[in-house]
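Trainee: Sequence plus the predicted model coming up.
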Amino acid sequence: MTPEAVGPLTRVVDVANIPPSGKHVRVEASEEECRALAQDFGLPGIQALSGDFNLTASAKGVHVAGVVKAAITQICVVSLDPFDSNIEEEVEVDFAEASGMPPEPPTDVHEYEPPDEIVNGQIDLGALTAEFLALGLDPYPRKPGISFDYKDPKDVKDSPFAALDSLKGKE
C-alpha cells in the first residue's frame, strides 16, 4: 500500500498485531489531509474529520466497527451559498486475505457483501475513514431553511408570453 494509491488520508494497521481482546484505533485527519480531501470531494472545506474504530480478529480476518465524524462546508444546490454541516456515519466492515475470501454465493438477490481485502497483512483505516465520509455526503445539499419552490409555467400569469396568449384566436 502506498499513499498515492489510496488517497491523501492513510493510517495503516498491521492485522497481525491485533490482540485477542481487540484493539481501538482513532484516526484524526490533519489540516493538510482535510484540505486535500476537500479538494478531492469538491467541498469548500473540511474543518474536522475523525474515525473511531474497534478491530476484532477472527479466523476469517478482521471485523471493523465504529463511527466516522466530520465537520464540513458544502454549497447549497438551491441558493449556491456555502454552509456548515456535520456528518456521522456508522461503520461496519469485514476484511479478509484475498486467498481466504469466499466466492459470492449464486443467488437472485445480491445481499452478500464480500469482505474488503487485507493487503500485505495490513488494512488502511485512513482510506476507510475517507470512504465513509464520501458515503455520508449529500449529493444535493441544501442549506437549512432553504427550499426549492417549483412553479409550473402554466400557472404564471405574468410571463413574457402572457400577452401573446391573449392574442390567440383573434384574427
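Mentor: Perfect, I can see it now. Numbering: from 1, shown residues only.
Trainee: residue boundaries of the strands in the chain?
Mentor: Assigned by DSSP state E, the chain shows strands spanning 12-14, 23-28, 45-57, 62-75, 82-97, 116-118, 122-124.
Trainee: List the buried residues in the second one.
Mentor: Which is strand 23-28. Under the neighbour-count criterion of 16 or more other C-beta atoms under 10 Å, strand 23-28 has 25, 27 buried. (Each C-beta comes from the backbone N, C-alpha and C, glycine too.)
Trainee: Sheet partners, orientation included, of it?
Mentor: strand 45-57 (antiparallel) (DSSP bridges).
Trainee: For residue 139, which of the strands of the chain is the nearest?
Mentor: strand 62-75 (10.4 Å; C-beta to C-beta).
Trainee: what comes up buried for that closest one?
Mentor: 62-64, 66, 68-70, 72, 74.
Trainee: Which neighbouring elements make contact with it?
Mentor: strand 45-57, strand 82-97, helix 125-136 (3 or more C-beta pairs under 8 Å, 6 or more residues apart in numbering; DSSP states H and E).
Trainee: mind checking which of the ones you listed is nearest residue 11?
Mentor: Among the helices and strands packed on strand 62-75, helix 125-136 sits nearest to residue 11 (C-beta to C-beta), with 3.8 Å.
Trainee: Going by neighbour count, which residues of the closest one are buried?
Mentor: 125-133, 136.
Trainee: if we can go back for a sec, out of the strands of the chain, which comes closest to residue 147?
Mentor: Closest to residue 147 of the strands of the chain, according to C-beta to C-beta: strand 82-97, at 14.0 Å.
Trainee: Next, the angle from the closest one to helix 125-136.
Mentor: 130 degrees (axes from the mean of the first three to the mean of the last three C-alpha atoms, to 10 degrees).
Trainee: that older thread, between the buried residues of strand 62-75, which sits nearest residue 51?
Mentor: The closest of those, once distances to residue 51 are taken by C-beta to C-beta, is residue 68, at 4.5 Å.
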